[in-house]
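Chemist: Show me how the following folds:
(one chain, ligands or ions: 1)
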Amino acid sequence: MAQLWGGRFKGATDDLVYAFNASIEFDKRLYRQDIAGSRAHVTMLGKQGILSTADVDSILKGLDGILSDIESGKLEITHEYEDVHSFVEAVLTERIGDAGKRLHTGRSRNDQVALDMKLYVRDQVDEMIPELKGLMKVILGIMEANVSTYMPGFTHLQKAQPVTLAHHMGAYFEMFKRDVGRLRDARVRLNECPLGSGALAGTTYPLDREYTAGLLGFDCPTANSMDSVSDRDYLIELLADLSLIMVHLSRLSEEIIIWNTNEYRFVEIDDAYSTGSSIMPQKKNPDIAELVRGKTGRVYGALMSMLTTMKGIPLAYNKDMQEDKEMTFDAIDNTKGCIQLFTGMIDTMTFNKDVMAKSATKGFTNATDAADYLVGKGVPFRDAHGIIGQLVLICIERGISMDDLPLEDYRKVCPAFDDDIYEAISLETCVKKRLTKGAPGHEAMLDEIKICEEYLG
Ligand code: ARG
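Modeler: Sure thing, here's the model as predicted:
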């Protein structure tokens, strides 16, 4: 047991209490951020004349040594320390003597941990944005290659109107684009430095908070010291953003699972991203998509858990807030892992274009276009809707599609039909004529793709 306090205690901490209270097992991953924060703090203390240049130099050298020894594996972060902050300070003091004991001047673990978590989240956001963009690049590649790959568009999971694969994937491009935007927004809001807030009420030392904020790449110091040490809004925002990324990954996972079934066969997941069955030799299962869909729940769980943890905490720091770490780390690790695996899975997936196009010709996806054809011949839309409904029923009874219904049958129901009806309801025409902005028609789709290309740069 090694802890930073104890002077006012007569007895030793109970072993179970010590273990229950300690956070080193999970906050050890903050060592880089903790050392970076200490470097900035000490540099500022030197500039302000609070610490001597000799002490500052010795502390900085000591911290650099600790960092490189952890990175090289020479120094292990062990569990006899309460948390990562205690570990760094204890090793520093062991290595450089009394100067190490001056590191914590004008600082509390409360502003220290608030800083470490902000730095960690900022680093993670900076890694996650390019990872999301990598996924979007793969999606864009599929869009570019499939402007003329027809497939049924669905509502209620019933065939509705024909679209293209480019159009369908373009919907996901937009979702992930919003996710990137949300991460950027969160980063802007979190980029204020809590260091220098002390335990809750600032300190009596003449700290230069602007200076440390600048050294650590923050836009400014936080405004209120009580808020600074007890604000975890940015974690809740991050977890909400991660939850939405998972919503999007999970929806596409669900579609891929459906498309990969024997009944659909729209896609074939690569062997590298599939798994087999221990009993059924024929099986090739979409486990990766299923796991991504499954892991969505635990990321939502982290969000709910964090919201609940924070809801009743009086100002300022309370130990409840230590609970922010494990679930945030888990949500970040899992979301990043899912983005990475998902990118590989869809990059190697093959689309059975013929099967998709054939499916689009079935299920009367051209019924709206047939009604629009009659409107073009002067029939009011509501009447046209009824007429096409009757024709669909005839086709269902005969087991054929509208493309195969003879002209005389069309004419029996409505004399306005001519033999140009077949051209008007062909799959190509149905898609080609949808040219409103954001629609699947060729020119509209190319415009959309151009915007996506410009976005990714
Ligand atoms: N391990 C603690 C946490 O994660 C660090 C802050 C401890 N502060 C305190 N006053 N006990 O929240």
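
Chemist: so how many other residues sit close to residue 49?
Modeler: Per other CB atoms under 10 Å, the neighbour tally for residue 49 reads 9. No exception for glycine: its C-beta is placed from N, CA and C like everyone else's.

Chemist: actually residue 457, not the one I wrote
Modeler: 5.

Chemist: Identify the residue nearest the residue in the stretch 151-300 of the chain that the ligand sits nearest to in space, chain neighbours excluded?
Modeler: Using CB to the nearest ligand atom, the closest approach of the stretch 151-300 of the chain to the ligand is made by residue 199 at 7.0 Å. Closest residue in space to residue 199, ignoring its immediate chain neighbours: residue 108 at 3.9 Å, by CB to CB, 6 or more residues apart in numbering.

Chemist: got a list of what residue 109 touches?
Modeler: Shown in contact with residue 109 (CB atoms under 8 Å, 6 or more residues apart in numbering): 4, 83, 85.

Chemist: Look up how far the ligand lies from the nearest residue to the second one once chain neighbours are set aside.
Modeler: I take that to be residue 83. Nearest non-adjacent residue to residue 83, counting by CB to CB, 6+ apart: residue 23, 4.6 Å away. Computed with CB to the nearest ligand atom, to the nearest Å, the distance linking residue 23 and the ligand is 4 Å.

Chemist: And residue 104, by the same measure?
Modeler: Computed with CB to the nearest ligand atom, the distance linking residue 104 and the ligand is 12 Å.

Chemist: OK, contacts around that residue?
Modeler: 4, 89.

Chemist: That one should be in a helix, yeah?
Modeler: No: looking at residue 104 with DSSP: H, G, I helix; E, B strand; the rest coil, it is coil, so not inside a helix.

Chemist: Burial check on residue 206, number of neighbours?
Modeler: If we define neighbours as other CB under 10 Å, then residue 206 has 10 of them.

Chemist: which residue packs closest to it, ignoring adjacent ones?
Modeler: Distance criterion CB to CB, 6+ apart; nearest residue to residue 206, sequence neighbours excluded, is residue 48 at 5.6 Å.

Chemist: List the residues that contact the one you found.
Modeler: Residue 48 neighbours (CB under 8 Å, 6+ apart): 205-208.

Chemist: which of those residues are buried?
Modeler: Listed as buried from the contacts of residue 48 are 207-208; burial here means 16 or more other CB atoms under 10 Å.

Chemist: quick check, nearest of the contacts of residue 48 to residue 150?
Modeler: The closest of these to residue 150 turns out to be residue 208 (CB to CB; 64.2 Å).

Chemist: quick one: the closest one and residue 45 touch, right?
Modeler: No: applying CB atoms under 8 Å, one finds residue 208 not in contact with residue 45, separated by 9.3 Å.

Chemist: Contact partners for the spatially most central residue of the chain?
Modeler: Nearest to the mean C-alpha position of the chain, by CA atoms, centre = their mean, lies residue 245 at 3.5 Å. Counting by CB under 8 Å, 6+ apart, residue 245 touches 132, 176, 179, 335, 339.

Chemist: Now the first one: which helix or strand?
Modeler: Spelled out, that is residue 132. Assignment of secondary structure by DSSP states H and E places residue 132 within helix 109-145.

Chemist: Please identify the buried residues of that helix?
Modeler: 109-122, 124-125, 128-129, 132-140, 142-143.

Chemist: angle of the helix or strand hosting residue 173 against helix 109-145?
Modeler: Here residue 173, judged by DSSP H and E, is contained in helix 165-190. Here helix 165-190 runs at an angle of 160 degrees relative to helix 109-145 (axes from the mean of the first three to the mean of the last three CA atoms, to 10 degrees).
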